[in-house]
Structures are given as structure tokens and as C-alpha cells.
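> Below: sequence and its predicted model.
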Amino acid sequence: MPDTTWWSLSSALVAMEALASVAFALSGLIEGARKRLDAVGVCVVGGLAAFGGGTLRDVLLDRRPFFWVEHAGWVWGLIVLCIAAMTFMRAQHQEPTERAMQWPDALGLGLFAANGTQIALEASMPGIVAVLMGMVTAVFGGVLRDIVCNEIPKAFRDHRPYAVCAFIGGWIVVLCQAAQAPQWLALTIAAAATTTMRVLALLTGWTLPAWRWDRR
Amino acid sequence: MPDTTWWSLSSALVAMEALASVAFALSGLIEGARKRLDAVGVCVVGGLAAFGGGTLRDVLLDRRPFFWVEHAGWVWGLIVLCIAAMTFMRAQHQEPTERAMQWPDALGLGLFAANGTQIALEASMPGIVAVLMGMVTAVFGGVLRDIVCNEIPKAFRDHRPYAVCAFIGGWIVVLCQAAQAPQWLALTIAAAATTTMRVLALLTGWTLPAWRWDRR
Amino acid sequence: MPDTTWWSLSSALVAMEALASVAFALSGLIEGARKRLDAVGVCVVGGLAAFGGGTLRDVLLDRRPFFWVEHAGWVWGLIVLCIAAMTFMRAQHQEPTERAMQWPDALGLGLFAANGTQIALEASMPGIVAVLMGMVTAVFGGVLRDIVCNEIPKAFRDHRPYAVCAFIGGWIVVLCQAAQAPQWLALTIAAAATTTMRVLALLTGWTLPAWRWDRR
């Protein structure tokens, strides 16, 4: 049943991309709201966080149509999600916290890193480039979100492993493919490992080695 | 006379893109000058504001050549415009005001939103994607201008309808096309409606619903 | 021996791109370190500075594969360079200075401006567009570096000739090609002239004409 398998894999990739998009959209919504953007700004930052990394990957791979062009319903989904989230937050009178962003972000990180690496491998990229494309998919949505919000991207300055988790997750996909493992298994392991590493890093407060020239 | 009609439409699209480019270039010039950039910076910010949105749309649509490659004379035009504007402003000893940016900006917004949506429709994009492409054309020149000037994009934070006007204008183009209206009419109505909405929003001070969790 | 000549030219272009990449990577490393980014951030900013301008040029020209995809070894080279530089700077307990960035930057500017203009000419771009592409190659790596570091790009605000040098260097390539000069000569002259102009500008403190409306 190769057709069924292919269909399952293909729809598993779509489902992963969709789930990760929702997770990142929430992180963008929260950041936009914290920065007191207006309704349009919150939607755009949510959309950039959700679709920005994958779109940048597709531009770099010269791959068309984009996820959100092929599945244009997801753009409507994003708009509905933004309006619902804004209404909910207003009703709750709650200020979204920076911590609240971390969990959907960790989930999206794992899903996008595995998914983006796989897509780049299918475009015949060499291993290191495929891993970079996975990182771009996973990390640059958040980077664009932070650049629009006029901050140094959190991924590059918080000294917690973030892109590094995506980097390792990408290599898991590449190695599994080299080892002829089934694709769904490779994607599941890579996504789970990446998210787990990120969550552990958040919980244990483990930090990357930092510059110390100023603290002799 | 379909050929003549096509030619007129095509040149109308070019004329609109050119006029909108000049309007946005002025907004970029003024912003660059306000930020005390040097001559090169002012030209680049003017150029980004003028050509950035359309170029990003063309990259996303994988459409080549760019407007400013096909009509390379416009790059010279931009350089001449920048030098002339800088000389004029120096002669006037006038500090350009933020308000002075608003009117060319409103004109460019309407022209680019209608034009960008039309171009995306011609590339067979679905309605919502075409409207997004119109918004990208109209709004992201200014967004790039603000990002380079290290500000949160005005379009996302001033709580005045801006991208929303482009969004509505884009739908006018889509609906007119669905209703088989002549293209020149659709473009004119959409551009005029968008610019009018924006001007009204500026004059009346109407604002988008904002986040209120901090003002119980 | 046209094959040998072509090979030499082609490898000369690759060598120039590689050398300029290293120069810009160092400038990005130093800026990332000054901004106290973490190890990943320093690598990413170094990578953006090194490959960002050329990648943006290739996206605009719709040219694939990218330099760093075709020569994937260079990505490894960049990672090794970043780790080595970070280790070295930690060992030295030295804070990298802004001045230290200027010299590799000037070298990369000349090499990339000549190289980028040549590549755009080979893609049949008109002269002014080819020169712009050379400027994009040379300047936008640094612009992306500064945007990610949340600064107004130095290239646009320090009132020292920078993009202007790349602009003149690009025209040297275009004019040499029009005059049927050998390509290697054109590239060498243009790169040397650009770097020399930049170094002279730094040494003499020559500045671009500035806005003066505020200092009557």
C-alpha cells in the first residue's frame, strides 16, 4: 500500500505544519499583545510567527506554492484564531506573561524543525543545509516576530538552548534517513526529542556557554 | 479592440505602481531624514519604502522581472527624486514632520493595495491570498522602512486603520472581478475607496479596538 | 584555452566570495559578541553577515543554488570559524572593539561589490540594476546583521562613505565590461578601488553631506 503510506506521510507533514503554526501563532499573539500593538499588528505578528519561518524556508528552497497558499483555509483559520484569542484575553482581563509563550513555542520548535529538515531533504539538499533549513523553519518565525516587535531575537540572546535543540533534532532526521528508518518514525523521534530538550532546558535553567571577557 | 484595452490596462497598472512608488518614496525620505540618516541611508529607506512592498510580493509570487528591473529608469528616477528632495529640504531649513508623511502614504496605500491584489489574482491566487498580497504590497514597504529605522512598524501600532483599509480595498478588487466588472473600474474604485478610508480615519481619529486588559 | 580561463575566472569568483564571507563573518561575530548574544546568536549573526547579502542577491535574481548550498563545506567552515573565534576571544579576555570590525569589513565590501555586480551582469541585468545588486551583496549582509542586533544599520547612519564606495566599484565593473576589458582585471580593479576608497574614508574621516536643517 505505498499510496496509502505516502498519503499518510503527506498528511502527517501537513498536520505537523498546522499544529506547529498554531503554536507559533499563539506565541506571536502574546508577544504582539505584550508590545501593545493594535489588532492588525497582533494578527500580523501572529501570522509572521506562524508562517514566517516556513515561508522563508520555501523562498530559500524556491519551493511553491507556500503552505498557506495551497491551504488558503489556514489563513482564515489564523484570522479567526487571532480574533478569538484577543476576545478571550480581553474578557479575562489578563496580561499574557512571557512564560506563557514558552510552552507552545517549545512544541512548535520541535514540529517545525523535524518537518523543515524533511522538506529540505526531499529537495535534495546536503545534510548540513537541510538541518539549517529545519532551523530556519523552526527559529525564523520567532526571529521575524521579534524583529517586527523591535527586539533582539530571544532565540539569539537568552543563553538557553533553543536553535541548538532544533539543530540536534534536524540531525536526528538526517541520520534516521541515512539509516533507512521509516519516515514517520524519524519525524516523530526528532520532533519529540527537540521539544523534550527545549522543555528540559526551560525547567532546569541550563544555559549555553556565554562570553565572559567582561567578568575576569 | 482588445489589444488596445489590454495595453491601456497594462499601462494603467504601470502608472499606478509608479505613482504609488513616488508617494512611498517620499514617506521613506521623510522618515529617513527624521532619523538623521546620511544621504545613502535616506535613499535606501526611500527605495525600500517605494519598491520594498512590491518586491516582497514578487518574491512571494515568484514573479520576475521586478518592476524596477523591467523599468530600470525608475531606479534613476528614485535617485534623482531623493537628491532633489534632500536639496529642497536643506534649502527650506525645514524639519519634515510626521504629519507630512501621512498624505502621500495614504495615496500610495490605495494604489498599491488595488494593484497588488490585481497582480496576485492574475497569478491565480485564491481570494484571501490575493488580498494578503495586496496588503503586503501596500504595507510592507512601510514596514521595511520602519524596521530599518529601528522602530516598531507604525502600521502595527498606531491603532489607526491602515492595513485594514488595504484589506477592504483588496476585497473590492476580488469582488469586482467575481462580478465581471471591467478591470479599470475595479482598480479605480478599490484604490479610491482605500485612500478615502485612510484619509477619513486620519481626519476623524477613528481607532481600532485596542487591548484593554491593563485598564480595567 | 578558453576552458582554463573560464575555470580560473569561475574559481576566482568563488575565492573572492569565500574571502569576503570570512571578512564579513568576523564583523558579524564581533558585533554579536559586543551585543552579548549567546553562542547561537553570535554564529547566526556571523552567518547572516557573511552569507546574507549574497543570499538576498540570489533571491532577487532568482538564482539557485546559493553559494552556501553549492559549497556546503563553507557552512561547516563558518561554524568552525565562529567557535574558534569565540574560544580565542575568551582566552584573550579582550572585548572586541567597534574599530576592529572596520578592516575586515572594508575588504569584504570591495570583494562583494565587484563579485555581486559581475554575477548580476551575467544574469543580463541592466547596468544600474547590476550595480544595485553589487551594493545589496556588499551592504545587506551588514544591514541584516545590524537589524538582528536591533540597531539602525551603520551603513545608513554613520555619514561615512560605505555603500557609495560599493556603488562606484560596481560602476567600474560595468564600465570595464562595456570597454571589453578582461574580467579578472575588471574585478580586481573594482574590488581594490572600493576597498581603498573605504579605507581612505575611514582614515581621513571624510563624511557624506548631511542634513543641516537643524543647525541653521
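Right, received. Where do you want to start?
> hey, C-alpha coordinates of stretch A:109-126 in CSV?
These are the backbone C-alpha positions of stretch A:109-126, laid out as CSV (Å, rounded to 0.1, in the frame of the first residue of the first chain):
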residue,chain,number,x,y,z
LEU,A,109,10.0,24.3,17.7
GLY,A,110,10.1,20.5,17.6
LEU,A,111,7.5,20.1,15.0
PHE,A,112,8.9,22.7,12.6
ALA,A,113,12.5,21.5,13.0
ALA,A,114,11.6,17.9,12.0
ASN,A,115,9.2,19.0,9.3
GLY,A,116,11.5,21.6,7.8
THR,A,117,14.6,19.3,7.7
GLN,A,118,12.5,16.6,6.0
ILE,A,119,11.2,19.0,3.3
ALA,A,120,14.8,20.2,2.6
LEU,A,121,16.0,16.6,2.3
GLU,A,122,13.2,15.9,-0.2
ALA,A,123,14.6,18.9,-2.2
SER,A,124,18.0,17.0,-2.3
MET,A,125,19.8,19.4,-0.1
PRO,A,126,23.0,18.2,1.6
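> is that stretch up against chain C anywhere?
Yes: when contact is scored as C-beta under 8 Å from any C-beta of the partner chain, part of stretch A:109-126 falls within range of chain C: A:125, A:126. From N, CA and C alone the C-beta is placed, and that goes for glycine too.
> Do me a favour and average the pLDDT over that stretch.
When the per-residue pLDDT values of stretch A:109-126 are averaged, the result is 93.
> So it, near chain B or not?
No: taking C-beta under 8 Å from any C-beta as the criterion, stretch A:109-126 and chain B are apart, separated by no less than 15.0 Å.
> Return the distance of that stretch from the chain's centre.
Put simply, stretch A:109-126 sits 12 Å off its chain's centre (C-alpha atoms, centre = their mean, to the nearest Å).
> Work out which residue lies at the spatial centre of chain A.
Centrality entry for chain A: nearest residue to the mean C-alpha point is residue A:138, 3.5 Å, by C-alpha atoms, centre = their mean.
> need the contact list for that one.
Neighbour list for residue A:138: A:53, A:108, A:109, A:110, A:112, A:113, A:116, A:163, A:166, A:169, A:194 [criterion: C-beta atoms under 8 Å, 6 or more residues apart in numbering or on different chains].
> quick one: what helix or strand has whichever residue of chain A sits closest to chain B in it?
Residue nearest to chain B within chain A: residue A:41 (2.8 Å; C-beta to the nearest C-beta). Secondary structure from DSSP states H and E places residue A:41 in helix A:39-61.
> That helix near chain C anywhere?
Yes: using C-beta under 8 Å from any C-beta, helix A:39-61 reaches chain C at A:59, A:60.
> Can I get that helix in PDB? Just the C-alpha atoms.
This file holds the C-alpha atoms of helix A:39-61, laid out as PDB (Å, rounded to 0.1, in the frame of the first residue of the first chain):
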ATOM      1  CA  ALA A  39      -5.400  44.400  16.300                       C
ATOM      2  CA  VAL A  40      -3.800  44.400  12.900                       C
ATOM      3  CA  GLY A  41      -0.400  44.300  14.400                       C
ATOM      4  CA  VAL A  42      -1.200  41.400  16.700                       C
ATOM      5  CA  CYS A  43      -2.600  39.400  13.700                       C
ATOM      6  CA  VAL A  44       0.400  40.200  11.500                       C
ATOM      7  CA  VAL A  45       2.900  39.300  14.200                       C
ATOM      8  CA  GLY A  46       0.900  36.100  14.900                       C
ATOM      9  CA  GLY A  47       0.900  35.300  11.200                       C
ATOM     10  CA  LEU A  48       4.700  36.100  10.800                       C
ATOM     11  CA  ALA A  49       5.500  33.800  13.800                       C
ATOM     12  CA  ALA A  50       3.300  31.100  12.400                       C
ATOM     13  CA  PHE A  51       4.100  31.200   8.700                       C
ATOM     14  CA  GLY A  52       7.300  33.300   8.600                       C
ATOM     15  CA  GLY A  53       9.800  30.500   9.200                       C
ATOM     16  CA  GLY A  54       8.200  28.100   6.700                       C
ATOM     17  CA  THR A  55       7.800  30.800   4.100                       C
ATOM     18  CA  LEU A  56      11.400  31.900   4.400                       C
ATOM     19  CA  ARG A  57      12.500  28.200   4.000                       C
ATOM     20  CA  ASP A  58      10.300  27.900   0.900                       C
ATOM     21  CA  VAL A  59      11.700  31.100  -0.600                       C
ATOM     22  CA  LEU A  60      15.300  29.800   0.100                       C
ATOM     23  CA  LEU A  61      14.400  26.400  -1.400                       C
END
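> Report the inter-axis angle for it versus helix C:39-61.
In terms of direction (axes from the mean of the first three to the mean of the last three C-alpha atoms, to 10 degrees), helix A:39-61 departs from helix C:39-61 by 80 degrees.
> can you tell if the next helix or strand after helix A:39-61 touches chain B?
Heading C-terminal from helix A:39-61, the first helix or strand you meet, by DSSP H and E, is helix A:67-70. Yes: judged by C-beta under 8 Å from any C-beta, helix A:67-70 comes into contact with chain B at A:68, A:69.
> what's the angle between the helix or strand following helix A:67-70 and helix A:39-61?
Following helix A:67-70 in sequence order, the next helix or strand is helix A:73-92 (DSSP H and E). If you take the same axes, to 10 degrees, helix A:73-92 sits at 150 degrees to helix A:39-61.
> What count of nearby residues applies to residue A:32?
Other residues within reach of residue A:32, judged by other C-beta atoms under 10 Å in any protein chain shown, total 32.
> Now do the contacts for it.
With C-beta under 8 Å, 6+ apart as the criterion, the residues that contact residue A:32 are A:41, A:42, A:43, A:44, A:45, A:46, A:145, A:149, B:156.
> least trustworthy helix or strand in chain A by mean pLDDT?
Comparing every helix and strand of chain A by mean pLDDT, DSSP states H and E singles out helix A:2-34 as the least confident one, with a mean of 75.
> in chain A, what residue is nearest chain C?
Per C-beta to the nearest C-beta, the residue of chain A with the smallest distance to chain C is residue A:156, at 2.8 Å.
> What's the per-residue pLDDT of that residue here?
On pLDDT, residue A:156 comes in at 90.
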